[in-house]
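J.: Provide a 3D model corresponding to the input given below.
(4 chains)
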Number of protein chains: 2
Amino acid sequence: MTIKEVCEKYDITPDTLRYYERVGVIPEVTRTSGGIRNYTEEDIKWVENAICMRSAGVPVEMIIEYVRLFQMGDDTLEDRCNLLKGAKAEVEAVKKKYDDELKRLNYKIAKYEEAIQTGVLNWDDEEMKKECLNG
Amino acid sequence: MTIKEVCEKYDITPDTLRYYERVGVIPEVTRTSGGIRNYTEEDIKWVENAICMRSAGVPVEMIIEYVRLFQMGDDTLEDRCNLLKGAKAEVEAVKKKYDDELKRLNYKIAKYEEAIQTGVLNWDDEEMKKECLNG
DNA sequence: ACTTGACTTGGAGTTAACTCCAGGTTGTAT
DNA sequence: ATACAACCTGGAGTTAACTCCAAGTCAAGT
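T.: Below you'll find the predicted structure:
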């Protein structure tokens, strides 16, 4: 699979794919004799891994470390497991913020829609806060 | 409330608070006669608004626009409502990615823990993919 | 063989969101 | 009155994660 095909499949730019390879977010990609990237199934699994982790906000540095450990072999199973647990904790923490903010936004939007109908906008900050900060 | 107190309350730096004010993420803060920031209840509500939205990844530019509309008065109720709906859609989209990636991470962590026990690591990429990409 | 378009590299540039700094002012405790 | 910490401003610097570019190579069609 050419770089272009991979880009179209995952809606990503060639520059980003090459960048991922250069810094180690994915391992070195298979090439043709002429030196042109020719992504195998295996290569593509790494691309998917990178895209999934990045889209959940896992830092590039963390993915690089995971790939590095993976390439070192079975001695790093525990390290990799711990790294993933760390990533999971971070993703969960941010997700919680998103959930809280969604509640806040829903509260506000409801009040705004009411206000557009009635002409009166009044929300209760305390009530809303229960849905947000440390909420 | 001094800037320091606000910073301690919300675990944020003075530089960030001043930056938020400078670019318009929060309206101009009340000052003492000497020109030192003295946050009122009202000012603090805007700080909370900024922190909640930012922690859910709402771009600074969007918050600035919301504050700008707010300060223009009741003519902008509908614009503000639409802006919040846009923010909500974005937060929901990213949250979905987070949920998918959490499933993926849980799948992998389980496989790793199994592997650390048994010495055999083998996950099914297809099975896992069902939990991730467009999953 | 030649054009044309996609691919290559190393390195520089961009963007968002802070973060730091120098040089000056304010406020409080002795 | 004098330290001395905390505050102020405008502007420059930093960081992560891309994104772009120039100059050259590769490959498919005629």
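
J.: When you work out contacts or count neighbours from here on, use the C-alpha atoms and nothing else.
T.: Fine.

J.: Tell me which stretches of chain A form helices.
T.: Counting by DSSP state H, the segments of chain A that form helices are A:3-10, A:14-23, A:41-55, A:60-72, A:77-118, A:125-129.

J.: can you put those helices in TSV and add distance to DNA strand D?
T.: Listed next are those as TSV, based on distance: least, C-alpha to the nearest atom of the strand, whole Å:
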stretch	distance to DNA strand D
helix A:3-10	11
helix A:14-23	5
helix A:41-55	6
helix A:60-72	4
helix A:77-118	12
helix A:125-129	25
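
J.: and DNA strand C, which of these is closest to it?
T.: helix A:3-10 (4.0 Å; C-alpha to the nearest atom of the strand).

J.: in that closest one, what's buried?
T.: Neighbour-count burial for helix A:3-10, with 16 or more other C-alpha atoms under 10 Å in any protein chain shown as criterion, is recorded at A:3, A:6.

J.: what about it and chain B, any contact?
T.: No - using C-alpha under 8 Å from any C-alpha of the partner chain, helix A:3-10 never reaches chain B; the gap is at least 9.6 Å.

J.: Show me what that helix packs onto, helices and strands only.
T.: In terms of contacts (3 or more C-alpha pairs under 8 Å, 6 or more residues apart in numbering or on different chains; DSSP states H and E), helix A:3-10 is packed against helix A:14-23.

J.: residue ranges with poor pLDDT in chain A?
T.: A:130-135 (pLDDT under 70).

J.: let's go with 50 and repeat that
T.: A:134-135 (pLDDT under 50).

J.: Close to DNA strand C: what parts of it are there?
T.: Contact residues, chain A versus DNA strand C (C-alpha under 7 Å from any atom of the strand): A:2, A:3, A:4, A:5, A:14, A:18, A:31, A:35, A:36, A:37, A:38.

J.: Can you tell me the closest non-neighbouring residue to the third one?
T.: In other words, residue A:4. The shortest distance from residue A:4 to any non-neighbouring residue, by C-alpha to C-alpha, 6 or more residues apart in numbering or on different chains, is to residue A:14 (6.8 Å).

J.: Contact partners for the one you found?
T.: A:3, A:4, A:7 (C-alpha atoms under 8 Å, 6 or more residues apart in numbering or on different chains).

J.: Isn't the last one up against residue A:15?
T.: Going back to what we said before, that points to residue A:7. No - the criterion here is C-alpha atoms under 8 Å, and residue A:7 misses it with residue A:15 at 9.6 Å.

J.: Now for the residues of chain A next to DNA strand C: which two are most distant?
T.: A:5 and A:35 (16.9 Å; C-alpha to C-alpha).

J.: residues near residue A:60, how many?
T.: A total of 16 residues lie near residue A:60 under the criterion other C-alpha atoms under 10 Å in any protein chain shown.

J.: For it, give me its contacts.
T.: Residues near residue A:60 by C-alpha under 8 Å, 6+ apart: A:25, A:54.

J.: got it, and residue A:116?
T.: B:77, B:78.

J.: Okay, it and residue B:4: tell me how far apart.
T.: According to C-alpha to C-alpha, to the nearest Å, residue A:116 and residue B:4 sit 38 Å apart.

J.: cool, residue A:55 as well?
T.: Residue A:55 is 35 Å from residue B:4, by C-alpha to C-alpha.

J.: do the same with residue A:40
T.: For residue A:40 relative to residue B:4 (C-alpha to C-alpha), the value is 55 Å.

J.: Which single residue of chain A ends up nearest DNA strand D?
T.: For chain A, C-alpha to the nearest atom of the strand, closest residue to DNA strand D: residue A:59, 3.4 Å.
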